[in-house]
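J.: sequence-free structure coming up:
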């Protein structure tokens, strides 16, 4: 990590679910040179569905923490959204703070999310529905 503190990846705690709003906003793709939308955009129904009432039995979330600060999050949900495939396949959302990108934080978050979905939730899900913006470094 850039600040030399070790990174820990762990399951998101119930009292931390509110940070998903920050990470959802941070995950919005904005082409270079364009203005960021106001934060209220995350409350649009087609966007807010990714975090609304997070914590259902089929939801799974992990965070990356460095120096006591949450620097990234990955979460899965079965929702009728952009990449919905079926009622057995969750969508994966991932967001890493700008100062921590290109340091394998996202890769580690995905690995931990996949492990937790398969083992802790005791369900067999295949993470096959991922939306990636090629112009936004993860």
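T.: Great, that's in hand. Every value quoted in this text rests on a predicted model; they were computed, and no experiment measured them.

J.: Okay, residue 94 and residue 72: tell me how far apart.
T.: 7 Å (CB to CB, to the nearest Å). Yep, even glycine has a C-beta here, placed from its N, CA and C like the rest.

J.: oh, I was asking about residue 21
T.: From residue 21 over to residue 72 (counting by CB to CB), the distance is 15 Å.

J.: quick check, residue 94 in a strand?
T.: Yes: Residue 94 sits within a strand when classified using DSSP: H, G, I helix; E, B strand; the rest coil.

J.: quick one, longest strand in the protein?
T.: Counting residues, the longest strand found in the chain (DSSP state E) is strand 69-77.

J.: Please spell out which residues along that strand are buried.
T.: For strand 69-77, burial by neighbour count (16 or more other CB atoms under 10 Å) applies to 70-77.

J.: cool, stretch 27-45 as well?
T.: 27, 42.

J.: mind checking the SS state of the most far-flung residue of the chain relative to its centre?
T.: Note on the chain: the largest C-alpha distance from the chain mean falls to residue 33, namely 24.5 Å (CA atoms, centre = their mean). Judged by three-state DSSP, the three-state class of residue 33 is coil.

J.: So for it, what's the pLDDT?
T.: On the pLDDT scale, residue 33 is placed at 92.

J.: quick check: mean pLDDT across the longest strand of the chain?
T.: On average, strand 69-77 scores 94.

J.: what distance separates it from the middle of the whole chain?
T.: Strand 69-77 sits 4 Å away from the centroid of its parent chain (CA atoms, centre = their mean, to the nearest Å).

J.: swap in stretch 34-41?
T.: With CA atoms, centre = their mean, you get 19 Å for stretch 34-41.

J.: gap between the two ends of it?
T.: 15 Å (CA to CA, to the nearest Å).

J.: what angle do the helix-or-strand element of the chain with minimal mean pLDDT and strand 69-77 make?
T.: Lowest mean confidence among the helices and strands of the chain (mean pLDDT, DSSP states H and E): helix 105-119, at a mean of 81. On the basis of axes from the mean of the first three to the mean of the last three CA atoms, to 10 degrees, helix 105-119 is oriented at 40 degrees to strand 69-77.
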